[in-house]
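Student: take this sequence and fold it.
(chains A and B)
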Amino acid sequence: MLALAAGSFQVGRRRALARAGGDASALHSLPGYYGWYAALWCGLPGLAAWLGGLSLAPVAHEPSGLAALGLALAVSAAGALFALRAIRPAFAARVAVERATRIGLQAAAAFAILVTAGIVLSLLFESVRFFRAVAPSEFLLGLHWSPQMALRSDQVGSSGGFGAVPVFAGTLLVTAIAMSVSVPVGLLAAIHLAFYASPRVRAFVKPALEVLAGIPTVVYGFFAALVAAPLVRSAGEALGLAVASESALAAGLVMGVMIIPFVSSLSDDAITAVPQALRDGSYGLGATRSETIRQVIVPAALPGIVGACLLAVSRAVGETMIVVMAAGLAANLTANPLDAVTTVTVQIVALLTGDQEFDSPKTLSAFALGLALFGATLLLNLVALRIVQRFRERYE
Amino acid sequence: MSDPARWSSPEMVARLRRRRSSELRFRRLGAGAVGLAIAALVVLLATIAWNGASAFVRTQVALDVDFDPAIVGAVARPAEGPESEIDWAALVREALLREFPEVAGRSERRALLGLVSRGARDAVRARLLGDPSLVGRRERVWVPAAADVDGLVKGQLPRDPAASGRLSAQELGWIAALEERGLVRRVFDWSFLLAGDSREPELAGVGGAVMGSLLTLLVTLAVAFPLGVAAAVYLEEFAPHSRATELIELNINNLAAVPSIVFGILGLAFFLGTLGLPRSAPLVGGLTLALMTLPTIIVAGRAAILAVPPSIREAARGLGASPLQVVVHHVLPLALPGILTGTIIGMARALGETAPLLMIGMVAFVVDVPHSFTDAATALPVQIYLWADSPERAFVEKVSGAILVLLGFLGAMNGTAIWLRQRFERRW
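Tutor: Residues are numbered from 1 along each chain as shown, chains lettered A, B, ... in the order given. Have a look, this model is predicted:
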């Protein structure tokens, strides 16, 4: 089909020149545009026909695939013929080609909306099926989470528990631990780099923080499981505390380290956006650097810093691999960071990997959890983006 | 009240001292935060490197294999039966028993045979098929040692039988005897880089996962790059200031912050559920990661296009170029290094991504190296996750080794991006 399109490009070009008697200046557009016009008319309808044919027969077995291809080639040839007939010197091929290209560009930009719509639809569709089996009030308020699937309806304990509160609470606990590491460290590091560090230190630390940000989450997860969890456990035992082997603390600490560069780079943006005049004014009144930072810069940059923290929370809530590898599966409703807890993302992974039946509440509950996760992060992101944007406008 | 202008008054001196020490405390706090972040990075990388370096080395045991024509005759004379029926394990067994003639009894013999890997027979077979003239001769063949022997020789397991619990005193004695006779060596392990996954730690490699990641990233690039550049061009050069444009921008910003696992759920529901594409395939993984990478490329592309000064557009337009010609002939070539930098960074992030691939089933145990976009495959980070989940002690080394390979790829990609930026970026 590509060959066909390339062929019509050549033919279209030649034909335009021939019609103009070999004199390119007699044409409305450059000869190449007539070629493109023919190629587009050949390729696009053919592509549409091919995809349409394939989607009508989704199982890609040989005969239907061949039939779709044949149909596509026929449509391509028809399109090419149509385009070639339209070519004459006065024809504004460039305008037509540019209009088509622009529509293509617009479609590419609108694709982002399509992706969001796809996410919302796929989550909603399956969640509605889940909520037909389990009441939303039970899901949102229930305190018992054990998504078991009953083999027979008369089995003991066949109902299973779909109260997601322990899962949400576990997510919040791990997120809170991560935030209590990453926000102070990230913010202080950003302040130190912006105000105190010498250029040499900055030239070394900034790339190092970028490396920290670029390490894949699965590596952090392995580190949490291999190093952090045993460390937390033995430290707890040395203090005479009972620590679960998959404690929320270990996962939260490592997640906090992961988010440090995120917080520090966003707060750095906020801090450097504060106008130099505020700083100079404060120094002029005799304030020390730390007084300037604490009483002028941070209050002035606060919206940006809050926005950064909200984005970091959204990151932590949606983080998957660290908790999958270092946090537990059992849903405990606890506020003790030394206990094992489970999170939304861990449950989604546990429920959706491996063999699954698409119509059991057990599998469908993962989509409801996904919907809750998407809703929560969407809200956080929108609020954070709005805050950051307003803040930026104020100083620009 | 003290006079604020009298700096030498005792109250003012004390006050100034307080303020200065508070300044120092704050400064040290900041330095501590930076130090903590750097320390975390160093500990992380050092742990991985410490555990992983030995994954690239493997222990081999030398066997003097007697290529008995009665057993392997079929290699030289195909008429005697298919090659697949040759009992290669028998060759390994005989060679080992000849080395230790004193071993008798079923359980002892089995323990002795356990010193070499199940891959030993493959090594013997490969040696003979590479050189069929060996039939009827005795030849020294280096075969992979079992995982426990490997760990012992590398010093990961203690040599004291009471402390290890994995190897008996007798087994330790055999290994010591082999080492004394110079029949144990350590070599660079090419198969770790080239082989597929295996249940036996000493035979498992990352080759299959690397290939799977490569195929996945090719799909991601093919989908996300054109779409992302087209969207960036539209938003920067053509989009009117309208509600629709604002909505698109809001969408892109938001998609950039959606948790990756949600993209995995979308892939599961749409690509696998609605479209019926094959599970565990790089095609689906690549499409899913493309959706995730798209916002990164769009944002980087827009920044690069915005950096091209308006005077270039105006000059082109003044010479009669149409809006599209301005973009295709002038703006895009100048913005390309910036776009490519952003694309490589997006690809690097996609390479390290695990969660969405778990959702679409790329967690399968795949022994064969995948060769097409629809083969069952796994990706490098998923392989790390799978090995990290395995209870076998020997896999800790493999996980760290695989992480080193992954970090190597990421470093190379980001290095290329930085080089590209420094080499081609123009400032106006």
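
Student: count of neighbours near the closest residue in space to A:A326 that isn't next to it in sequence?
Tutor: Nearest non-adjacent residue to A:A326, counting by C-beta to C-beta, 6 or more residues apart in numbering or on different chains: A:A224, 3.6 Å away. Every C-beta, even on glycine, is put in place using the N, C-alpha and C of the backbone. Residue neighbour count, defined by other C-beta atoms under 10 Å in any protein chain shown, stands at 27 for A:A224.

Student: A helix includes A:A224, no?
Tutor: Yes - judged by DSSP: H, G, I helix; E, B strand; the rest coil, A:A224 forms part of a helix.

Student: quick one: the helix or strand containing A:A107 near chain B?
Tutor: Following DSSP states H and E, one finds A:A107 within helix A:93-133. Yes - Helix A:93-133 is in contact with chain B by C-beta under 8 Å from any C-beta of the partner chain, via A:94, A:98, A:101-102, A:104-106, A:108-113, A:115-116, A:118-119, A:122-123, A:125-126.

Student: now that helix, how far from the centre of its chain.
Tutor: 16 Å (C-alpha atoms, centre = their mean, to the nearest Å).

Student: list the contacts of stretch B:95-114.
Tutor: B:63-66, B:92-93, B:115-116, B:141, B:146, B:168, B:170-171, B:174, B:177-178, B:183 (C-beta atoms under 8 Å, 6 or more residues apart in numbering or on different chains).

Student: can I get that stretch in PDB, CA atoms only?
Tutor: C-alpha atoms of stretch B:95-114 as PDB (Å, rounded to 0.1, in the frame of the first residue of the first chain):
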ATOM      1  CA  ALA B  95      32.900 -38.000  33.900                       C
ATOM      2  CA  LEU B  96      32.100 -36.900  37.400                       C
ATOM      3  CA  LEU B  97      32.200 -40.400  38.800                       C
ATOM      4  CA  ARG B  98      35.500 -41.000  37.100                       C
ATOM      5  CA  GLU B  99      36.800 -38.000  39.000                       C
ATOM      6  CA  PHE B 100      35.600 -39.400  42.300                       C
ATOM      7  CA  PRO B 101      35.800 -43.200  42.000                       C
ATOM      8  CA  GLU B 102      35.300 -43.600  45.700                       C
ATOM      9  CA  VAL B 103      31.700 -42.400  45.600                       C
ATOM     10  CA  ALA B 104      29.200 -45.200  45.900                       C
ATOM     11  CA  GLY B 105      25.600 -45.400  46.900                       C
ATOM     12  CA  ARG B 106      22.600 -43.800  45.400                       C
ATOM     13  CA  SER B 107      22.200 -40.700  47.500                       C
ATOM     14  CA  GLU B 108      25.900 -39.900  47.500                       C
ATOM     15  CA  ARG B 109      26.000 -40.200  43.700                       C
ATOM     16  CA  ARG B 110      23.000 -37.900  43.400                       C
ATOM     17  CA  ALA B 111      24.700 -35.300  45.700                       C
ATOM     18  CA  LEU B 112      27.900 -35.500  43.600                       C
ATOM     19  CA  LEU B 113      25.900 -34.900  40.400                       C
ATOM     20  CA  GLY B 114      24.300 -32.000  42.100                       C
END
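
Student: now it: average pLDDT?
Tutor: Averaged across stretch B:95-114, the pLDDT comes to 82.

Student: ok now it, how far from the chain's centre?
Tutor: 39 Å.

Student: ditto for stretch A:129-148
Tutor: On C-alpha atoms, centre = their mean, the centre of stretch A:129-148 falls 27 Å from the chain's centre.

Student: give the buried residues for it.
Tutor: Neighbour-count burial for stretch A:129-148 flags A:129-131, A:134, A:139, A:142, A:145, A:147 (criterion: 16 or more other C-beta atoms under 10 Å in any protein chain shown).

Student: among these, which one has the lowest pLDDT?
Tutor: Within these, A:P147 has the lowest pLDDT, namely 76.

Student: what's the nearest residue to that one if we skip its chain neighbours?
Tutor: A:K362 (4.7 Å).

Student: surely that neighbour and A:Q347 touch.
Tutor: No - using C-beta atoms under 8 Å, A:K362 is not in contact with A:Q347, being 10.5 Å away.

Student: quick check: neighbours shared by those two?
Tutor: Shared contacts of A:K362 and A:Q347 (C-beta under 8 Å, 6+ apart): A:P147.

Student: mind listing the strands for the chain?
Tutor: Using chain A here. Along chain A, the segments classed as strands by DSSP state E run A:145-146, A:161-162.

Student: wait, chain B
Tutor: B:57-66, B:138-144, B:184-188.

Student: can you say which of these is packed in most?
Tutor: Of the strands of chain B, the one with the most neighbours on average (mean count of other C-beta atoms under 10 Å in any protein chain shown) is strand B:57-66, at a mean of 21.

Student: next one: that one to chain centre, how far?
Tutor: Using C-alpha atoms, centre = their mean, the offset of strand B:57-66 from its chain centre is 29 Å.

Student: for it, packing partners?
Tutor: Applying 3 or more C-beta pairs under 8 Å, 6 or more residues apart in numbering or on different chains; DSSP states H and E, we find strand B:57-66 packed against helix B:88-99, helix B:120-130, strand B:138-144, helix B:147-153, strand B:184-188.

Student: would you format those as TSV with distance to B:V13 included?
Tutor: Formatted as TSV, those follow (distance: least, C-beta to C-beta, whole Å):
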stretch	distance to B:V13
helix B:88-99	85
helix B:120-130	81
strand B:138-144	76
helix B:147-153	66
strand B:184-188	68
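
Student: deepest of the ones you listed, which one?
Tutor: helix B:147-153 (a mean of 24).

Student: what packs against that one?
Tutor: strand B:57-66, helix B:169-180, helix B:394-424.

Student: for it, give me every contacting residue.
Tutor: B:58-59, B:61, B:115-117, B:144-145, B:157, B:159, B:164, B:166-167, B:172, B:175, B:179, B:184, B:186, B:200-202, B:392-394, B:397.

Student: now a ChimeraX select for only the buried ones of those residues.
Tutor: Buried subset of these, written as a ChimeraX selection, criterion 16+ other C-beta under 10 Å:
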select /B:58,59,61,115,116,117,144,145,157,164,166,167,172,175,184,201,202,394,397
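
Student: tell me who's in contact with the residue in the stretch 201-350 of chain A positioned nearest to chain B.
Tutor: Ranked by C-beta to the nearest C-beta, the top residue of the stretch 201-350 of chain A for proximity to chain B is A:G318, at 2.4 Å. If you count contacts by C-beta under 8 Å, 6+ apart, A:G318 has them with A:345, A:373, A:377, B:258-262.
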